[in-house]
Structures are given as structure tokens and as C-alpha cells.
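Chemist: please work out how this folds:
(chains A, B and C)
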Amino acid sequence: MRFLSFLISGLSLGSIYAIIALGYTMVYGIAKMLNFAHGDVIMVGSYICFFAMMRYNLPPVVGVILAVIVCTILGMVIERTAYKPLRQAPSLAVLITAIGVSYFLQNAALLLWTSSPKVFPSIIGNGKIQLGELTISHVTLLTVAVCLVIMFVLTWFTGNTRMGKAMRACSEDKGAAQLMGIDVNGTISMTFAIGSGLAAIAGVLLCSAYPTLVPTTGSMPGIKAFTAAVFGGIGSIPGAFLGGLLLGVIETFAKAYISTQLSDAVVFSVLIIVLLVRPAGLLGKVINEKV
Amino acid sequence: MKRKNMNKYISFALIIVAYAVMMALSAAGKTTRSMQGMLVPICAYIVMAISLNLTVGILGELSLGHAGFMSMGAFTGTCAAIMLTDSVPSAGLRLGLSMVIGAVFGGIVGFLIGIPVLRLKGDYLAIVTLAFGEIIKSIFNNLYLGFDKYGLHLQLLSEKGIKLEEGGRMLIQGAMGISKIKKISTFTAGFILIILTLFIVYHLVESRYGRAIMAIRDNRIAAESVGVDVTKYKMTAFVISAAMAGAAGALFAQNYSTITANKFDFNTSILILVLVVLGGLGNITGSIISATLLTILPEALRGFATYRMLVYAIVLIVVMLFTNASGTKILIDNIKARFGGNKEEEEQ
Amino acid sequence: MYTKDGSNLVPVPSNAVIPERDINDMPALECKNLGITFGGLHAVENFNLTIGRTEIAGLIGPNGAGKTTVFNLLTNVYQPTTGTILLNGMDTHGMSTAQVSKAGIGRTFQNIRLFNNLTVEENIMVAMDKSMKYGLFDGLLRLPGFFREEKKAHQKALELLHIFEMENVASHRAGSLPYGAQRRVEIVRALATDPKVLLLDEPAAGMNPSETADLMANIRKIRDTFHIAVVLIEHDMNLVMNVCEGLCVLNFGRIIAKGSPAEIQKNPTVIEAYLGKSHSKGDSDKVSDMLIDAIVENRNGSDTESAAKLVQKSGKGGKRK
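Modeler: This next block holds a predicted model:
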């Protein structure tokens, strides 16, 4: 029973990682860049939702929608101002710029909202479901459910819609996509928008589960989710989902059965071992350079 | 060839002149306390930047965990220095020894990490170096080490099991790190370490080893086709880079009375990477300049108090946009063409 | 077909693939039943070839025939699914690409692969790495061994560059050279590995006619100076027919013909592979003649295409594959 409850809380944490990892992986797939600022978009989303609910007494749903809207716009603005001019630049330059954006968001948040921790309100109350000896909170259920819905919608979106297909085309070959009449810039912008919107949702869920909100809230989950994306095979949507869930479960089990303090070491060790066996991640494709 | 030599002489000249000027100023009593306090960290960051440049700029592999090697050197070097307090009374010699030990341990960890890491490519390699940095941090945060006349006592997670004989002392106390460190690091030691680092890196680059390493960076498949043993050379560069970071860690740590594992986290790795990229990949002189400026900048911005980190972030973004955006790139190329300077070497 | 230019070469007997002078030596390269499959596709199969010690051989065939794949197999970039490769009598199975290079195969690439940020001289010195005898510490501490070996390598690099009279660009950045020069540097770099077999993948691609003519002379010069075997993939039929002593024609991963250039020119299967099926025996002879004429006249550009055009003009062209 203990095992089962750990598994469930692991899946819940993993669902949050998966949603963040989806943002990483989509942006990586299309723009071939590690968007280090992604974790901080999560933080911004959480603050927006927090203030909407606490200061303006708006209902949680409105708070979440507001957070999604703000983050979507924020993601597009970041892409347009900081990343778009660097489309032709070496990938390291883009990486450093993303780090700069990350610092910027963190420090802007520090100035705007101070470093004192905010206690995030619960968005759906503290209800629990009792299944025999097993207790599952509503937040946990919601988190897993939201993650599943997002996963299915995204898979459908990329597989069946015009925009989704354009995204896949751009991630394969931007030049060819452009020749086929796809608006590459618009598609990239759209990808950032979707990724950032998802980040807002992840932020709200994250803070519902771990209700302390500070300007650096997004960093560690960001790094973990990035790890999850690589774990599953970066660029692959099912990979991000699988990687996120596995990472959450492994982390929870490591905390429960090995040591709380060493759980990060365990998680990262597992990552390294997986990458050694499968150098492109669990579901990633190995692309060999043509000679 | 000539231009490369120029770059080399400029690097050495910069360091020597800076050292002479600072020594003269301090002899004349014209330096402030905060200036004095920054000298050793600047030296350490210069060495860190040069050593990471060897991995990122010259070998061409992105590493996001360089602070891990610094951490390794800081902890092992400082522990060694504490243990040698009685047997080696001379502080300078002790510092030298501790830097050597830091370098050796940094190199060993570099080798161990290199075995799996160097089989991976690109972003996968980057994420694994990040993971190793986090693992090293996590381990030092939970490591308890004490020593007495019976030798070293090591334990993970808690110090309860460690019972020390009389005269023994705890070295590493988990997340509290090492405390009561004797501040034996000096500017002169930092200066010597930089000069040594420059010697090693320039001599490496201008030997068959450096050529092979850069050949792998430029075209791995072609390098293999002419008989270059890719793994061996990658490992050589990686281990040397890690060892230099270890020595820098030992220098850095002994400038403070306390050192904790969290000082060498992901953000530190990123900071060093920023130094390297801003200074120019493969450009050693650039690394020296950017390490100096970017260590001073946050201090210089102290006047702005709360805004300083925000300004720092904006400066970073603007510099990257200005030097890399396609529009400004053309502008810069035009300026270069006008002055007839062939700056290709700097862009490597 | 082959004209002497001051060397002690004998004309190639029409039936032999290996030149007569090499018959008694161990072959430089032997492929036996070599093959590779990529996911069910037989990219190369049943590839048997013997290259004489000082032979210049050509590997020709339409695009996608598997020529570069053969080079990749020979250099162990791909591990063959079947068959063996004997380099100088030694089985190279299981070796890494770098080990194969050390064992004696040097190669160039279809899409030039230079170390762009290194100088031309450094590019060549990288290839001499295995013969340089100083260790890491000699290099770091600048011990006498370092200076001795570097000086030797520097001189050898200049000597090798002299083949193409390129000493003047020794200190230029390789990436900044014009296309033709880059191709030549790649050949020099391959030579610097001290190979027994030199594989050239489309050495004349992108060269103008006078550069190609120089290249032809230089390929012979390289063979005569270093006494090595040269295998080249090339679409420039003028070069192939003039330089190669033996030819091997590949189509759809299989060898469809082997022989001297003269034989290959008359081989109906080859003509068919290049031009498609002709109607009668007489036609194919005519096509063959026209093919040769077209090839010899048109030194630059895509020879098969212009040959096809010519054939179409005469109204006898069949379908091209």
C-alpha cells in the first residue's frame, strides 16, 4: 500500500515534469535550442495565478486562464525579441541568450514580487478520495488528468491539424518547409506560445502540490523537466511524456526508499545510465551523420 | 601562425601587467578592501574560463557542469591543506600542494566522467555534464568527513557514525561544508596559477595534441579518416580541463573561511560558460578579459543595488544579440573589412 | 589508352584488371563478397575486387549506385554485413576508421571535409599524427623531441604540398580556400597518412577543365612517387578513361562490369546502365561510340547528361534509368 501511494504521488510529480518537458521538447524540436528560460515562465505563470486569486479574488479558473494568456504572450515576446534575431547564430549564443532571459525573468520577479515566499492557495480545495487504505488528494488526480488530456490533445494536434503538421515539417527541415509555403516564423512563434501556455498550467499545478512560491520556483523543476525531455528523447512528444512520468516516479521512490537528500543524485545517475544504453534517450531517434 | 602568437603574447602581457599594476597599487596603499577581496576570485574565474574554453571552444563539446570539477578541487584541496597544517608550516607551499591535489582529484573525476560522457554527442553530452555537476553537488552536500590520528573517517548523510579521537577534527560537515578555513590564497598564487594555465593551454594547442583536438572539433569524421584516435584526444582535453578547474577550486576555496557545495551549483557552471562565450570560443585572451570584467561588473553595479542583477541580465542579452544577430554581424564584418584586420582567429 | 609520361609503366593488357607489373605482388586491396544492407535494402552486395599494388583504378556508375558506400565500407565507416576486406593481405574486420587509416587507407570525401579553422599546413600535420613521436609532456614542456618532430612534420607537409605547388597557401585557413584548392588539400592530407591505398571520392567535382587536367597528371605523379594504389570515384569520364588502368562499374549496388577502360566503353551492360536499354546490337555500338565522343568532348559538367542529349538528337536514345 505504501508502494502504491508512492507510485501515485510519483505519477503526480511526473505529470508536472511531463507538461514542462513537453514545452522544452516542442521548442527544441522546432528551434533546435535549449530554452533555459522555460522554467522561469512557469514561475511567472504561478505568480499571475496567485495574484489573480489572492489580490483580485478571482475564481481559480479565471486565474489559470489569465496565467495561460500572460505566459503565452510572454513566450511569444521572448521569442520575437531575444531568439528570433539569432536564428542563424551558433547554438551556444542562443543558449547564453536564453540564460540571460532566465536571469532577467528571475530578477524582474524579485523586484516586482520580492523574495518573500508566497503561500499558493489550493485551486480545487484540499479534498481527498479514500480507496481502502489509499488516500489520493484531488490535486493529485487533477494533475494526472490534466497531463493526460494535454498529451492526447497535443498528439492529435501535431498529427492532424494544419498547424501541427507545419510544426513537424519545420522541425524536420525549415528550408524545405518554407519552400512548401509554410510560414516558418509564425510556426516557431506558435510553438513558443503553446509551450509557454503549457508552462503556465504546469506552474499552477506545481504550486498547488508544493505551495511555496518564490522567484526561483521554476529553476529546479525546469532543469528536472529538461532532464526528463532528454531522458525520453528530446524532440519527441511521447518521449517527453514518458520521460517526465518516469523521472517523477524515480524521484519519489528515491526519496522514499533511499534518501531525501540524495534523491537528485539518484535521478541524475539513472539519467546517465539510460543515456549510456540509449544515447538518444528512450524514444529518441539516433541520427547518424551522413558521410 | 603569426596572429596566434600575437594572441598568446597579449594574454601573457595582460596578466603580467595587471599583476604588476595591482601589486604596485597595493604597495602604495591605493587599493580598497573590496578590490583586494576580488583579486583571488578573479584569478580563479580566469582559470575556470580558460579551462572551460579548452572543452567548449577548442574541443567543441558543451559542458554544463564545470563547477563540479571546481567543487571537487575546492573540497579535496582544502581538506588536504587543513591536514597538512602541521607538517607543512609554509602557507605558500601548502597552498601550492593543495592546488596540486585539487588538480589531481579534478583530473581523476574528469577522467571518470569522461568515460561515459565522451561517447555522447551535442546536447546529450551537455545534459550529462549537467547531471554530473548536480551529482557532485548532491554528494558533497551529504558527505561527512573527519580525520584524526587513525586517518580519515567518511560517512554519507550524517555524522553520527564518525567518532574522532582526541585532536581530530571534522573536515566536511554535509551541507555546512568546510568551515574555519585558513585564508591562505593570495593574489600572487592566483597569478602563478594563471601563468601556468596559460602555458599549458597554449602549449597544448600548439602541439600535435591540440591540432588533433581542434581537428575533431572541426570535422570528427575527417579526423577519424586520417587516423586520429577521437576518444583519446577528447579525453586528454577533458581531463586537462577538469584538472585546471580543480586547481582553481582549491585556490578559490581558500580565499574564504567557509565553503559549501552549493557555491558550485548549476548557476556557477552557467556563469563560467557565459564568461567563455562572451570572451569568444577558443579565444583565451577573450576569456581572461571577460572573466575579469564579469567578476567586477556585479560589484561595480552595487550602486544600483536592487537593479544590479537585472542590469546584468540585460547586458548579457544585449551583448549576445549585438554580437550574433545577423544584422549587426554584417555591420561588424564591414567595420572589420574597413580596418583591414583579418579577425578570423578570434572567431574560432 | 594510357600514355607514358616519363614513368616506367607498361600499357595495360586488355583482359587483366590488375596491371601486369603488379601481378606478382600482393594486391593492395582485396574485397571478397563484400556487402551491406540498410534495413533490408542491399546497398552493396557481392562486391569482389582486387586492386594491384600500384594500380590506378576507377569506380564508376550512375548516381546512387553505391560507390561512396563502397568507400565507407573500405574505411570501416560502415561495418560490412558480409564479406572481407584484405588490406595488404591483412583483414581489417572490426577495426575502427582511425585504425584502418593507420593500417594504410587514406581517403577524401565527396563533400569536402577539411578542418576549416586550421591552416592548410595544420590540416596536413593532423594526418601525420601517428608518425609523430612525442608525448603530451614533451609538448607541454617543449622538450627537444617536440621541436625535432614538429620541424620534421613541417618539412614533410611542405614537401607534400609541393605536389600541387601549394606551399604558398600553407598558412592560410583551410576553410578560406577556393573549392578546387580545398579538394587538393584534402588529397594532400590523405597522402600525409602515408597510405598504401588512396581513395579519392570525386576528386574533380567542381574543378574547371584546366584544373582537371592538372589533377590527372597529379594523380599519376602521386602513384609514381609514392608507389601506391589509387581508387577513384569520378563522373568525369575523360578523367576516368585517361587515368584509370582498371575500371569497375557499379549499378544498384552490384558490379556490372570490370575491365580496362577500352573494354568498359564497349560493354553493352554498362551502356545500358548509363543510357537505358537500346533496341539492337548495332544501335548499342553506335551509342557506345557517341558516348565516348561525348565524354571526351565534354570535359566539364555532367557527362552522362550530355551524352544522353546527343543520343536523343540522333533519335536513338532509349529510356534512361
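
Chemist: which strands and helices sit next to the lowest-mean-pLDDT helix or strand in chain A?
Modeler: In chain A, no helix or strand scores lower on mean pLDDT, DSSP states H and E than strand A:128-131, which sits at a mean of 78. Packed against strand A:128-131, as judged by 3 or more CB pairs under 8 Å, 6 or more residues apart in numbering or on different chains; DSSP states H and E, are the following elements: strand A:134-137, helix A:138-160. The C-beta positions use only the backbone N, C-alpha and C, and glycine is treated the same way.

Chemist: turn those into JSON lines, including mean neighbour count and distance to A:Arg87.
Modeler: Formatted as JSON lines, the helices and strands packed on strand A:128-131 follow (neighbours: other CB atoms under 10 Å in any protein chain shown; distance: least, CB to CB, whole Å):
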{"stretch": "strand A:134-137", "mean neighbour count": "16", "distance to A:Arg87": "44"}
{"stretch": "helix A:138-160", "mean neighbour count": "16", "distance to A:Arg87": "22"}
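
Chemist: the ones you listed: which one's closest to A:Phe50?
Modeler: A:Phe50 lies closest, by CB to CB, to one member of the helices and strands packed on strand A:128-131: helix A:138-160, at 15.5 Å.

Chemist: C-alpha coordinates for the helix or strand harbouring C:Val231, CSV please?
Modeler: Using DSSP states H and E, C:Val231 maps to strand C:229-233. The C-alpha trace of strand C:229-233 is given here as CSV (Å, rounded to 0.1, in the frame of the first residue of the first chain):
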residue,chain,number,x,y,z
ALA,C,229,47.3,2.2,-55.4
VAL,C,230,44.7,4.8,-56.2
VAL,C,231,41.0,4.1,-56.4
LEU,C,232,38.8,6.9,-57.6
ILE,C,233,35.1,7.6,-57.9
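
Chemist: just the helices in the stretch 101-250 of chain A please.
Modeler: A:138-160, A:162-172, A:174-179, A:184-209, A:219-232, A:237-253 (DSSP state H, counting those that start in this stretch).

Chemist: again but with chain C, I slipped
Modeler: Counting by DSSP state H, chain C has helices at residues C:67-74, C:97-103, C:120-127, C:136-140, C:144-163, C:179-192, C:209-226, C:237-243, C:261-266, C:268-275, C:281-297, C:303-313.

Chemist: pick the most buried one from those.
Modeler: Sort the helices of chain C by mean neighbour count, taking mean count of other CB atoms under 10 Å in any protein chain shown, and helix C:120-127 sits at the top with a mean of 27.

Chemist: which non-adjacent residue is nearest the residue in the stretch 51-200 of chain B that chain C sits nearest to?
Modeler: Proximity to chain C, evaluated over the stretch 51-200 of chain B using CB to the nearest CB, is greatest for B:Ile200 at 5.8 Å. Of all residues not flanking B:Ile200 in the chain, C:Leu140 sits nearest, at 5.8 Å (CB to CB, 6 or more residues apart in numbering or on different chains).

Chemist: and for A:Val64, nearest residue in space, chain neighbours not counted?
Modeler: A:Val204 (5.4 Å).

Chemist: flag every residue of the stretch 1-150 of chain C that's near chain A.
Modeler: C:68, C:72, C:77, C:109 (CB under 8 Å from any CB of the partner chain).

Chemist: what separation is there between the first one and B:Leu198?
Modeler: Pointing back at C:Thr68 there. Applying CB to CB, to the nearest Å, the value for C:Thr68 to B:Leu198 is 44 Å.

Chemist: the residue of the stretch 51-200 of chain B closest to chain C: which element?
Modeler: Judged by DSSP H and E, B:Ile200 forms part of helix B:187-205.

Chemist: quick check: pLDDT value at A:Thr114.
Modeler: pLDDT for A:Thr114: 83.

Chemist: from chain B, how far off is it?
Modeler: According to CB to the nearest CB, to the nearest Å, A:Thr114 and chain B sit 10 Å apart.

Chemist: if I look at that residue, how far off is A:Ala37?
Modeler: On the measure of CB to CB, A:Thr114 and A:Ala37 end up 21 Å apart.

Chemist: so between the two, which is more surrounded?
Modeler: Neighbours were counted for A:Thr114 and for A:Ala37 using other CB atoms under 10 Å in any protein chain shown; A:Ala37 has more, 29 against 12.

Chemist: I figured the more buried one was touching A:Glu79, is that so?
Modeler: No: the pair A:Ala37 / A:Glu79 is not scored as a contact, 10.0 Å apart, by CB atoms under 8 Å.

Chemist: tell me which residues touch B:Ser158, please.
Modeler: B:Ser158 makes contact with B:144, B:174, according to CB atoms under 8 Å, 6 or more residues apart in numbering or on different chains.

Chemist: okay, and it sits in which element?
Modeler: Counting by DSSP H and E, B:Ser158 is found in no helix or strand.

Chemist: who's in contact with the most centrally placed residue in chain C?
Modeler: For chain C, C:Leu232 is the residue whose C-alpha lies nearest the centre (CA atoms, centre = their mean; 1.9 Å). With contact set as CB under 8 Å, 6+ apart, C:Leu232 has these partners: C:56-59, C:199-201, C:203, C:219, C:240, C:243-244.

Chemist: show the buried residues in those.
Modeler: C:56-59, C:199-201, C:203, C:219, C:240, C:243-244 (16 or more other CB atoms under 10 Å in any protein chain shown).

Chemist: which residue is the nearest non-sequential neighbour of C:Leu136?
Modeler: B:Tyr209 (6.0 Å).

Chemist: tell me the mean pLDDT over the host helix or strand of that neighbour?
Modeler: Using DSSP H and E, the element containing B:Tyr209 is helix B:208-218. Per-residue pLDDT over helix B:208-218 has a mean of 92.

Chemist: please name every helix or strand in contact with it.
Modeler: Looks like helix B:208-218 contacts helix B:187-205, helix B:220-225, helix B:230-253, helix C:120-127, helix C:136-140, helix C:144-163 (3+ CB pairs under 8 Å, 6+ apart).

Chemist: make TSV out of those and add distance to A:Leu134.
Modeler: Shown next, in TSV, are those (distance: least, CB to CB, whole Å):
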stretch	distance to A:Leu134
helix B:187-205	58
helix B:220-225	53
helix B:230-253	48
helix C:120-127	64
helix C:136-140	61
helix C:144-163	71
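
Chemist: quickly list what C:Lys258 is bridged to.
Modeler: C:Cys248 (DSSP bridges).

Chemist: so what's it up against?
Modeler: By CB under 8 Å, 6+ apart, the neighbours of C:Lys258 are C:17, C:49, C:246-249.

Chemist: quick one: which of those residues is the most crowded by neighbours?
Modeler: Busiest of the contacts of C:Lys258 [other CB under 10 Å] is C:Cys248, holding 26 neighbours.

Chemist: okay, residue 143: pLDDT?
Modeler: Because you didn't say which chain, this covers chain A. Value listed for A:Thr143 in the pLDDT field: 87.

Chemist: not what I meant, chain B
Modeler: 85.

Chemist: appreciated, that's everything.
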